[in-house]
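K.L.:
Please find the sequence and the predicted model below.
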Amino acid sequence: MYNNVYVNEWVEQMAKMTQPDSIVWIDGSEEERERLTKQALSTGEMIELDQEKLPGCLYHRTAENDVARVEHLTFICTEHKEDAGPINNWMEKSAAYAKLGTLFEGSMKGRTMYVIPYIMGPAFSEFSKVGIEITDSIYVVLNMRIMTRMGKIAMDMLGDSPNFIKGLHSKGEIDPEKRYICHFPEDNAIWSIGSGYGGNVLLGKKCFALRIASWLGRKEGWMAEHMLILGVESPKGDIQYVSAAFPSACGKTNLAMLIPPEKYRAMGYKVWTVGDDIAWLRIGADGRLWAVNPEAGFFGVAPGTSMKSNPNALLTCQKNTIFTNVVVTPDKNVWWESMGVDAPAKAIDWKGNEWTPDMGTKGAHPNSRFTAPACQCPCISSEWENPAGVPISAIVFGGRRAKVAPLVYQSFDWEHGVFVGATMASETTAAATGAVGVVRRDPMAMRPFCGYNMGEYFQHWLEMGKKIPNPPKIFNVNWFRVDENGKFIWPGFGDNLRVLLWILARCNNEVEAVESPIGYLPKLDDIDLEGTSITKEVLAELLSIDKESWMQEVEDQKAHLAQFEKLPAELQAQYEALASRISAM
Ligand code: OXD
Ligand code: MN
């Protein structure tokens, strides 16, 4: 037990409801890690991997019915529906407590309750906040050790304050019919039951650092965003920081860990990772917007991660990593689809069954993951734990658009940039189930993660813009335009640095731009193509704006914006201005 009476009282109440056999207070020590690991290995909850090849690495398999975030079972629970808004699932607060209360009643009987104090953000930073997660899963404890700063340090930061986020998790029966991920932003509380999968149960991540934090950010004048943060170091040694929001499956982790093309490496350019998923942003004393990564680890998707697509991610997870739902080889190594190495002749798949590559089934679940400490990343920024954060020069939005969006454009100003973010969209790919090419609007990539009414969220963005004396410039990128054969035109990956350099040149007022109906476009000479197979003509194609496609885009945006009864008037005006610029083309 720790000394904080508010924590102790709450833990006692939760224990009364869930009735665990015992309570373990997590301190974050090495001795504790060893003890819990041993215990998890003895019950089979974790499997030890080859400790020579993968020192400190463990493996876990979730239930087959429990492999991803469950948006349809995720709720914002407030007193009034309008506070959750039109996009979120809503449950009335007391009804939600009652409904989940019956599921939590006695759910930890025969189990141990672990109490995990943790910090989101660097310890003792002005940005940072403390949470306590109660869980009956050792897997959760071991993952939270990687993803957050946890244990005694969090209680030292909390002191005797009542200001902590109360997270309650129980695996319950791992039954999709009895699975709920509920957020109570009015009470700083999260209740999650019936799942053992990361995004639903590592409550510091999506539940706290995005849903609850976005609510707190609005109340307290800061922002919690689904954004990577990276630094670009020039040959002169100065570093400028960019934050970027893309929907899932658009390459956020890859961009955060970008390796510059050969030519740029030779010149001395470097890219440094501050974060790959979440940014907390505040206005600094110097009038700029500053950001921290609230997390301490990466919870990355394994399939597709290779020495070609993202060597830095692969190198990050060579030790002290928890792998979930990938393939385990007979010599206790890991494998996944598109890892860039041959499939093992015979192995155990994510379901725990014998598997051979010719079976026609995937060995690793498409959403299988690695949980790895950020400090192990070869390109981790020296500033990643700076309590003051890093100053953001540019905010970048983006998505997968086969035709409509150009490679890059700059918004006219902050307000227009908020409109660009609010109408952001991505098209479904053949890799996902369902129809191909369906446009899903995902404002600021926050559709599944905004903890309150999205109309008010847009308003908050507008208010922040008025309060930041020297705001970042806002851009939109699209790495995914295709040619008439459906092939990507832009090479992507490391070559995306060429676009980032134009973005930074614009922030530094070093290059002019071409005004277009949708925003400022690069001049053809201002994106360096040397070392690529892209010609000026192809670049012109990548930057072209097709009137017909944009007429359709504007129509689609209209329907999207119409669902927000609290849409700020500024965004409606931005919409009308865009529509008339397009029709005048
Ligand atoms: C994630 C997600 O896991 O956005 O980061 O789904
Ligand atoms: Mn994410």
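P.N.:
All right, it came through fine. Ligands and ions are numbered 1, 2, ... in the order given.

K.L.:
what about the helices in the stretch 401-550 of the chain?
P.N.:
Taking DSSP state H, counting those that start in this stretch to define them, one finds helices in the stretch 401-550 of the chain at 414-422, 454-467, 496-507, 536-542, 547-562.

K.L.:
Now do the last one: which elements does it pack against?
P.N.:
Using 3 or more Cβ pairs under 8 Å, 6 or more residues apart in numbering; DSSP states H and E as the contact test, the elements touching helix 547-562 are strand 439-441, helix 569-583. Every residue, glycine included, has its C-beta placed from N, CA and C.

K.L.:
again, only using 7 Å
P.N.:
The helices and strands touching helix 547-562, judged by 3 or more Cβ pairs under 7 Å, 6 or more residues apart in numbering; DSSP states H and E, are helix 569-583.

K.L.:
And for the fourth one?
P.N.:
Here helix 536-542 is seen to pack against no other helix or strand when contacts are counted using 3+ Cβ pairs under 7 Å, 6+ apart.

K.L.:
Run the chain-centre distance for it.
P.N.:
With Cα atoms, centre = their mean, to the nearest Å as the basis, helix 536-542 stands 32 Å off its chain's centre.

K.L.:
which outside residues touch it?
P.N.:
With contact meaning Cβ atoms under 7 Å, 6 or more residues apart in numbering, helix 536-542 is reached by 406, 407, 481, 489, 490, 524, 527, 529.

K.L.:
Now the closest residue to ligand 1 within the stretch 101-250 of the chain. Its backbone dihedrals?
P.N.:
Residue nearest to ligand 1 within the stretch 101-250 of the chain (Cβ to the nearest ligand atom): residue 248, separated by 4.6 Å. When read as degrees, to the nearest 10, the backbone of residue 248 gives phi -50, psi 150.

K.L.:
From residue 528, how far out is it?
P.N.:
According to Cβ to Cβ, to the nearest Å, residue 248 and residue 528 sit 30 Å apart.

K.L.:
Same question for residue 340.
P.N.:
28 Å.

K.L.:
of these two, who's got more company?
P.N.:
The residue with more neighbours, out of residue 340 and residue 528, is residue 528; 16 against 12, by other Cβ atoms under 10 Å.

K.L.:
just to revisit the earlier point, can you redo the contacts of helix 536-542 as CSV with neighbour count and distance to residue 399?
P.N.:
What follows is these, written out as CSV (neighbours: other Cβ atoms under 10 Å; distance: Cβ to Cβ, whole Å):
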residue, neighbour count, distance to residue 399
406, 21, 13
407, 25, 13
481, 20, 12
489, 16, 16
490, 22, 14
524, 13, 24
527, 21, 20
529, 15, 24
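
K.L.:
The stretch 101-250 of the chain against ligand 1: which residues are in contact?
P.N.:
199, 248 (Cβ under 6 Å from any ligand atom).

K.L.:
for the stretch 101-250 of the chain, what are the low-confidence residue spans?
P.N.:
Judged by pLDDT under 70, the stretch 101-250 of the chain has no weakly predicted residues.

K.L.:
List the buried residues of stretch 27-34.
P.N.:
By 16 or more other Cβ atoms under 10 Å, the buried positions in stretch 27-34 come out as 27, 28, 32, 33.

K.L.:
Can you flag which of those belong to helices?
P.N.:
Among these, the ones falling in helices (DSSP state H) are 32, 33.

K.L.:
Need the max-distance pair from the buried residues of stretch 27-34.
P.N.:
27 and 33 (10.2 Å; Cβ to Cβ).

K.L.:
most centrally placed residue in this structure?
P.N.:
In the chain, the residue lying closest to the centroid (Cα atoms, centre = their mean) is residue 277, at 3.1 Å.

K.L.:
And it, which helix or strand is it part of?
P.N.:
Of the helices and strands defined by DSSP states H and E, none includes residue 277.

K.L.:
Any chance of CSV for the buried residues of stretch 27-34, columns distance to ligand 1?
P.N.:
Output for the buried residues of stretch 27-34, formatted as CSV (distance: Cβ to the nearest ligand atom, whole Å):
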residue, distance to ligand 1
27, 28
28, 24
32, 27
33, 24
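
K.L.:
Please identify the deepest-packed of the helices of the stretch 401-550 of the chain.
P.N.:
helix 414-422 (a mean of 23; mean count of other Cβ atoms under 10 Å).

K.L.:
That helix to helix 569-583, inter-axis angle?
P.N.:
80 degrees (axes from the mean of the first three to the mean of the last three Cα atoms, to 10 degrees).

K.L.:
ok, and what's touching helix 414-422?
P.N.:
Contact with helix 414-422 is made by 395, 397, 411, 443-444, 458, 461-462, 465, 471, 474, 476, 519, 570-571, 574-575, as judged by Cβ under 7 Å, 6+ apart.

K.L.:
Run through the strands of the stretch 201-350 of the chain in chain order.
P.N.:
Residue ranges of the strands in the stretch 201-350 of the chain, as given by DSSP state E, counting those that start in this stretch, are 223-225, 228-233, 239-245, 270-275, 279-283, 289-292, 297-301, 322-324, 327-328, 334-335, 347-348.

K.L.:
Brilliant, that's me finished.
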